[in-house]
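# Build me a model from this:
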Amino acid sequence: QVQLVESGGGSVQSGGSLRLSCAASGDIYIRYFMAWFRQAPGKEREGVATISGDGRINYADSVKGRFTISQNNAKNTLYLQMNSLKPEDKAVYYCAADRVDWWLLPKYNYWGQGTQVTVSS
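As a prediction, this is how the structure comes out:
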């Protein structure tokens, strides 16, 4: 089993920055592939960024150059540094984990409870 707990959400003005964290515990092999997703009201859950245990990273086009995904050396904390935030980045952000590489598809087996990010113009 894997447990994921996000933190770091909040409210910022357009152009501001936030860093999200996801504390991960449980079988490290199950959480070899980790990702950040977001879901805005009335919209489908959208993949934002993914990272594998060997450091391969992918980003959605909408966040490339603004967001950075990373892990600590112990691989028990996942981060999402979000810079140059825009009002359209407003959403609940979730971290996800699985032993399968689902890339940016919302098919991961393990999810956190989410953290709200609000960006005002």
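
# burial count for the closest residue to I28 other than its chain neighbours?
By the measure of CB to CB, 6 or more residues apart in numbering, the closest residue to I28 outside its immediate chain neighbours is K75, 6.3 Å from it. From N, CA and C alone the C-beta is placed, and that goes for glycine too. The local packing of K75 (other CB atoms under 10 Å) involves 14 other residues.

# okay but A24 is in contact with I30, surely?
No: at 9.9 Å, A24 does not count as touching I30 under the criterion of CB atoms under 8 Å.

# Who has more neighbours out of those two?
More neighbours surround A24 than the other of A24 and I30, with 24 against 16 (other CB under 10 Å).

# quick one: pLDDT of that one?
The model reports A24 with a pLDDT of 95.

# May I have the secondary structure class of it?
Here A24 is strand, with the state taken from DSSP: H, G, I helix; E, B strand; the rest coil.

# Contact partners for it?
Under the criterion of CB atoms under 8 Å, 6 or more residues apart in numbering, the contact list for A24 reads 2-4, 31, 34, 75-78, 95, 97.

# Of those residues, keep whichever come out buried.
Burial by neighbour count, judged by 16 or more other CB atoms under 10 Å, picks out 2, 4, 31, 34, 78, 95, 97 from the contacts of A24.

# Find me the pLDDT at the residue nearest to F33 when sequence neighbours are not counted, would you?
Nearest residue to F33, sequence neighbours excluded (CB to CB, 6+ apart): D101, at 4.8 Å. In this model, D101 is scored at 96, pLDDT.
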